[in-house]
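Asks: Quick one, fold the following:
(2 chains)
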2 protein chains.
Amino acid sequence: MKTNKKIAVVLSGSGVYDGSEIHEATLSLYAISKHGGEYQIFAPNIDQHHVVNHLTGEEMAETRNVLVESARIARGQIKDLTEFKANEFDAILFPGGFGVAKNLCSLAFDGAECKVNSAVEKVLKEMHEASKPIAALCIAPALIAKVITGAEVTIGHDEGTVGAIEAMGSHHKQAGHGEVVIDTKNKIVTTPCYMLDATIAQIGEGADNVVKTLMEM
Amino acid sequence: MKTNKKIAVVLSGSGVYDGSEIHEATLSLYAISKHGGEYQIFAPNIDQHHVVNHLTGEEMAETRNVLVESARIARGQIKDLTEFKANEFDAILFPGGFGVAKNLCSLAFDGAECKVNSAVEKVLKEMHEASKPIAALCIAPALIAKVITGAEVTIGHDEGTVGAIEAMGSHHKQAGHGEVVIDTKNKIVTTPCYMLDATIAQIGEGADNVVKTLMEM
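Replies: Numbers count the residues shown, from 1 in each chain, chains lettered A, B, ... in the order given. Here you go, the predicted structure:
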């Protein structure tokens, strides 16, 4: 396993209900670092779809920016996704969280007919065309399935999301805690994480397995 | 090692510059779960001292609540710190981040003369009087040193903070990446984490060592 791989990590905010799922994001960065890799974090410089009070689940009358909030997870070390260059990275990874389905695309509202943020779409297509591996956790595999039609991914077994993935022209494969689904043709690696009822130890296992698989590709 | 220990984790917001350091908080929860323990997350229901834009480092003209923002790390599973009962827990853990020195106490502004949030002080004194172990990462050991005078802790080797800890009547011991300082008399376990220039893999090592030590006490 080449251990000095450089991996781009794309965030969608900071907090499961309106941004990146914090445990999945952090444990992905941890796995990259632990296995000797390097990461650069990116996020689109756009307003969040909305802001959710994570204590009550209610929407808040506020505006927050995806790049600015993602910088909380990145400790300020983050770049605007428009600065991404595929030739600088060996692989790309998308943690989950509702931010993927609300900010990076409109999956949470439009299902299979969702629109994808233009910077996100460009980055995914560039990596796919360069035949570089793409990893996604939790709900993020559905975003990959939309952009790279014919992809085989897992989001666990949520029926609605499985239906959306199939309607996009991609394929879903069931998987359990920590299990990784590998689409060898498209070099796509996915795992369900919090799409299943999981402990944080199981999230760490899933992130670790995805990152190890990514580094071996 | 008794592995089913129940550990209270006290957060101070969500983001290193105005709240809890997200990697330290997440990797502490991960270590507790991985080693078979359980956790309940708490935070005080108070306004943050201020809100910092983590992309630019500038203060933002906003008000955010410590409990509401901490709920992002907790995925909504969090309690007001005033609900804490020492008899329900085997140990307590404080991750770092400027939120500890700005929201849980006024260390960032007042040094050794800092004031401590009343709920935080009560919780720490109850656990200490019950002779239950207390863990702290990064800058949080300075908070412990203020409340439990005579404590021996580490925050790495930052001169200003070391001076403040000694001026509080407590003692500082230098430590490196992943190293744990144990005050056996007071049952206090501390490690420097991001008080040193660290990788996230080193933060994981520090959190893991602290949690293992806590569970063995």
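Asks: contacting residues for the residue nearest the centre of chain A?
Replies: Chain A has A:F94 as the residue nearest its centroid, 2.2 Å off, counting by C-alpha atoms, centre = their mean. A:F94 sits next to A:9-10, A:100, A:104, A:134-137, A:140, A:143-144 when contact means C-beta atoms under 8 Å, 6 or more residues apart in numbering or on different chains. The way it works is simple: take the backbone N, C-alpha and C, and place the C-beta from them, glycine included.
Asks: where in chain A is pLDDT low?
Replies: A:1-3 (pLDDT under 70).
Asks: Which residues of it lie near chain B?
Replies: A:14-17, A:19, A:21-23, A:26-27, A:29-30, A:33-34, A:53-55, A:57, A:62, A:67-69, A:71-76, A:78, A:194, A:199-201, A:203-204 (C-beta under 8 Å from any C-beta of the partner chain).
Asks: quick revisit: could you find the closest non-adjacent residue to the residue nearest to the centre of chain A?
Replies: Of all residues not flanking A:F94 in the chain, A:A140 sits nearest, at 3.9 Å (C-beta to C-beta, 6 or more residues apart in numbering or on different chains).
Asks: Name the nearest residue to A:V120, sequence neighbours excluded.
Replies: A:L104 (4.9 Å).
Asks: Quick check: that neighbour touching A:K146?
Replies: No - A:L104 is beyond contact range of A:K146, at 10.2 Å (criterion: C-beta atoms under 8 Å).
Asks: residues shared between the contacts of these two?
Replies: Counting by C-beta under 8 Å, 6+ apart, the residues touching both A:L104 and A:K146 are A:V116.
Asks: okay, the two: which has more neighbours?
Replies: A:L104 (31 against 26; other C-beta atoms under 10 Å in any protein chain shown).
Asks: which residues sit in contact with the more buried one?
Replies: Contacts of A:L104 (C-beta under 8 Å, 6+ apart): A:10, A:12, A:44, A:94, A:116-117, A:120, A:143.
Asks: Give the buried residues for the top helix by length along chain A.
Replies: Criterion DSSP state H: the longest helix present in chain A is helix A:200-216. Buried residues in helix A:200-216, defined by neighbour count with 16 or more other C-beta atoms under 10 Å in any protein chain shown: A:200-211, A:213-215.
Asks: now stretch A:153-170
Replies: A:153-156, A:158, A:161-162, A:164-165, A:168, A:170.
Asks: Equivalent analysis for stretch A:176-196, please.
Replies: Applying 16+ other C-beta under 10 Å to stretch A:176-196 flags A:177-183, A:186-196 as buried.
Asks: what about the helices in chain A?
Replies: A:22-34, A:66-74, A:98-99, A:107-110, A:118-129, A:140-147, A:159-167, A:200-216.
Asks: And for the shortest one, what's in contact with it?
Replies: Contact with helix A:98-99 is made by A:11-13, A:15-20, A:48, A:52, A:66, A:108, A:139, as judged by C-beta under 8 Å, 6+ apart.
Asks: closest to chain B among the residues you listed?
Replies: A:G15 (3.5 Å; C-beta to the nearest C-beta).
Asks: Now that closest one: phi and psi?
Replies: Dihedral pair for A:G15: phi 140, psi 130, per degrees, to the nearest 10.
Asks: That one: what's it in contact with?
Replies: A:22, A:52, A:54, A:69, A:97, A:99, B:14, B:72.
Asks: Could you single out the nearest of these to B:E129?
Replies: B:S14 (30.3 Å; C-beta to C-beta).
Asks: show me what contacts that closest one?
Replies: A:14-15, A:22, A:72, B:20, B:22, B:69-70, B:72-73.
Asks: and what of A:V66?
Replies: A:11-13, A:19, A:43-48, A:99, A:103.
Asks: just A:A112 next, same as before
Replies: A:146, A:163-165, A:167-168.
Asks: I'd guessed A:P192 sits against A:V180; true?
Replies: No - using C-beta under 8 Å, A:P192 makes no contact with A:V180, being 9.6 Å away.
Asks: Can you check which residues contact both of the two?
Replies: The contact lists of A:P192 and A:V180 share A:G206, where a contact means C-beta under 8 Å, 6+ apart.
Asks: Excluding chain neighbours, what is closest to A:N186?
Replies: In space, A:N186 is closest to A:A151, 5.2 Å off (C-beta to C-beta, 6+ apart).
Asks: Many thanks, we can stop here.
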